[in-house]
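1. Need coordinates for the below:
(chains A and B)
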Amino acid sequence: DTGVSQNPRHKITKRGQNVTFRCDPISEHNRLYWYRQTLGQGPEFLTYFQNEAQLEKSRLLSDRFSAERPKGSFSTLEIQRTEQGDSAMYLCASSPGETGGQKTQYFGPGTRLLVL
Amino acid sequence: AQSVTQPDIHITVSEGASLELRCNYSYGATPYLFWYVQSPGQGLQLLLKYFSGDTLVQGIKGFEAEFKRSQSSFNLRKPSVHWSDAAEYFCAVAPYNNNDMRFGAGTRLTVKP
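-> Okay, the predicted model is just below:
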């Protein structure tokens, strides 16, 4: 299966610690997206990449959050000095391009973060 | 303001009954429209999408959706629900001119035996 993969699937950490999540998109998809989903809500957009360039960041992405996609393939999302409010499911998606049917986003299984 | 509304937070149907999940959007122009399904603790799986053309689109697992421009709606339907359809369903819209995909708050479907 060559779908979107995310690691780890679950992460429990203590407040103040740093965490890093990884996303591997569908190969040859040049767009990669990060979302955050809290309980009972739909996913909320955080940021996206076109190849290795980070083109847009949501206001939800505070200074403690940073995302990279160094070689235009996999991406990492790091949260520094975690807070309890960061507890959520972090979803990654990828799409082939930016127009028409290429905008369709395919999602990974998510990383569930719990900050104690 | 641009928005996506799923009016029903929770719906319960009996197995074998028909299903309709509502989705309304508010955008300046007709956006791209999607329905995703999410099982507990899992990511989102694409059910179907609408870009243009025939306003009735077929998806996976026997689902279909109808785009109605006059009502700014994109309701999801299934003629006969199976117990395995119990999940959370999300409507999503993406404008033509940017990557701001927005999701509704979701509708949780419970299927009674």
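2. With adjacent residues omitted, what lies nearest to the residue nearest the centre of chain A?
-> In chain A, the C-alpha nearest the mean C-alpha coordinate belongs to residue A:34, at 3.0 Å (Cα atoms, centre = their mean). Leaving aside its sequence neighbours, residue A:34 sits nearest to residue A:46 (Cβ to Cβ, 6 or more residues apart in numbering or on different chains; 4.3 Å). For glycine as for every other residue, the C-beta is placed from the backbone atoms N, C-alpha and C.
3. The one you found touches residue A:62, doesn't it?
-> No - Residue A:46 is beyond contact range of residue A:62, at 10.2 Å (criterion: Cβ atoms under 8 Å).
4. out of those two, which sits in the busier spot?
-> Using other Cβ atoms under 10 Å in any protein chain shown, the more surrounded residue of residue A:46 and residue A:62 is residue A:46, with 21 against 12.
5. which SS state does the more buried one fall under?
-> Following DSSP: H, G, I helix; E, B strand; the rest coil, the label given to residue A:46 is strand.
6. ok so, going back, any idea how far residue A:40 is from the residue nearest to residue A:34?
-> 18 Å (Cβ to Cβ, to the nearest Å).
7. dump the residue contacts of the residue of chain B found nearest chain A.
-> The nearest approach of chain B to chain A comes at residue B:103, 3.2 Å away (Cβ to the nearest Cβ). Neighbouring residues of residue B:103 by Cβ atoms under 8 Å, 6 or more residues apart in numbering or on different chains: A:42, A:43, A:44, B:4, B:36, B:90, B:91, B:92.
8. One more pass at 6 Å, please.
-> Residue B:103 makes contact with A:42, A:43, B:90, B:92, according to Cβ atoms under 6 Å, 6 or more residues apart in numbering or on different chains.
9. likewise residue B:57?
-> Counting by Cβ under 6 Å, 6+ apart, residue B:57 has contacts B:48, B:50, B:65.
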